[in-house]
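Chemist: below: sequence and its predicted model.
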Amino acid sequence: MISFFRRNQVLLSAFLSVLFSLYIIAPAAKGRLRADPIGPLLMALMRPLQAGIRATILETKRVYEGYVALRSVSTENEKLKARIVELEAETSRLLEVESTDRRLRELMEFRSGLPPGSITASVIGNSASTWFHSFILDKGKADGVEKGMAVVSPLGVVGQVVSVTSKNAKVLLITDPHSGVDAMAQRSRARGIVAGSLENGPIMKYVKRSEDIQEGDRLITSGLDGIFPKGLLVGSASTVRKKSFGLFQYVEVALAVDPSRTEEVMVVNTGPAQAKD
C-alpha cells in the first residue's frame, strides 16, 4: 500500500486538491456557503510571508536606490577631483607667470642703474662638474655678449662670462675657486678679493691684518677690477678671524646671490676694460 502511494503521490495530490476545491466551490455555487473556514486560516498563514516579501522588496528598492545614488556621487566625485587637478595646474601656471613677471620687472628696474648696453639673459643650463661652478645663458655673440663681461642680478654679483658662442654664453660663478671679485667692506672700505673655495665656501682673500673688517659687514664691488660696476652687493662677512701669524685675515663670506636659484641675469658691458677673446 505504501509503495502504491509513493508511486502515485503526484496523481493522488492532484486528486485531493480537486476534491478540496469542489468541496469549497459546490456550496458556494448553491448559495449555502456562509463562511469560509479555510480563507481566514490561509490569510493568517500568508500574512507573515506577505509582510516578509514586502519588507524584502522595500529593502531591495532602498539598497538599489542607494547604490544608484552612490554611483552618481562617485561619478561626480571623480569629476570634481579631475577639476581640482586642472585648477591646481592652472594655479601653479599662473603663480609661475606672476613670479617670472615680478623677477623681470625687478630686472628691468635694476637695468636702469647699469651701464648702457647691458643684456637681459636667462639661465638654460647648469654645469654638471664638481670642479667648476658655471651655468649657460641663452644669449651669445649675436646678442652682444662678449667674454669677460660681468653677470649680475638685482640681488648682487653672480659671475663672469668666460666663453661665448653665437647663441650662448658660459658663466663662471662667484662660488667657483677660480673666480675673483674685487670687493670692499662698505663700512670701513677694507678691500680684498671674494672667490669660491674648496673647503668652507666663498672667502674674502688678501684682507690685511691691519684692516678694520667685522662680522656682518656688507661687502660691495670696488669697481677697480674693470669688470664689475662699483657698488654692487657681493655679500656679507660671516666669519672674521685674525690668525696668530701671516699678513692677512681669514674672512668667510655669505653671498648675496645663490647661483643655483638664479633664473634671469643681466650681462654688463663695463666698456674698454672688458676682456677680449
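Modeler: Received the coordinates, thanks.

Chemist: could you find the closest non-adjacent residue to K139?
Modeler: Nearest residue to K139, sequence neighbours excluded (C-beta to C-beta, 6 or more residues apart in numbering): A121, at 4.2 Å. Using the backbone N, CA and C atoms, a C-beta is placed for each residue, glycine as well.

Chemist: wait, is the one you found part of a strand?
Modeler: Yes. With DSSP: H, G, I helix; E, B strand; the rest coil as the criterion, A121 is part of a strand.

Chemist: what pairs with it across the strands?
Modeler: V265 (DSSP bridges).

Chemist: what's the burial count for it?
Modeler: As a burial measure, A121 scores 23 neighbours (other C-beta atoms under 10 Å).

Chemist: tell me the SS of the residue nearest to the spatial centre of the chain?
Modeler: By C-alpha atoms, centre = their mean, the chain has its centre lying nearest to S92, at 7.9 Å. Three-state call for S92 (three-state DSSP): helix.

Chemist: how much space separates it from V85?
Modeler: Separation of S92 from V85 (C-beta to C-beta, to the nearest Å): 11 Å.

Chemist: swap in L219?
Modeler: 47 Å.

Chemist: the more surrounded of the two?
Modeler: Just comparing L219 and V85: by other C-beta under 10 Å the higher neighbour count belongs to L219, 30 against 10.

Chemist: just the pLDDT for that one.
Modeler: With respect to pLDDT, L219 scores 97.

Chemist: which other helices and strands contact the helix or strand harbouring it?
Modeler: Using DSSP states H and E, L219 sits within strand 218-221. Identification of packing neighbours for strand 218-221 by 3 or more C-beta pairs under 8 Å, 6 or more residues apart in numbering; DSSP states H and E yields strand 181-185, strand 233-241.

Chemist: need these in CSV (columns: mean neighbour count and mean pLDDT).
Modeler: Formatted as CSV, the helices and strands packed on strand 218-221 follow (neighbours: other C-beta atoms under 10 Å; pLDDT from 0 to 100):
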stretch, mean neighbour count, mean pLDDT
strand 181-185, 25, 96
strand 233-241, 19, 95
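
Chemist: and the ones you listed: which comes nearest D225?
Modeler: Nearest of the helices and strands packed on strand 218-221 to D225, taken as C-beta to C-beta: strand 181-185 at 3.9 Å.

Chemist: strands paired with the closest one, and their directions?
Modeler: Strand 181-185 has these strand partners (DSSP bridges): strand 191-195 (antiparallel), strand 218-221 (antiparallel).

Chemist: now the shortest one: buried residues?
Modeler: By that I understand strand 218-221. The neighbour-count check on strand 218-221 (16 or more other C-beta atoms under 10 Å) flags 219-221 as buried.

Chemist: got it, and stretch 187-195?
Modeler: 190-195.

Chemist: give me the residues contacting that stretch.
Modeler: The contact list for stretch 187-195 (C-beta atoms under 8 Å, 6 or more residues apart in numbering) reads 174, 176-185, 202-208, 211-214, 217-219, 222, 234-235, 251, 253.

Chemist: for the strands paired with strand 181-185, could you give me JSON lines that also reports distance to Q160?
Modeler: Below are the strands paired with strand 181-185 laid out as JSON lines (distance: least, C-beta to C-beta, whole Å):
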{"stretch": "strand 191-195", "distance to Q160": "11"}
{"stretch": "strand 218-221", "distance to Q160": "12"}
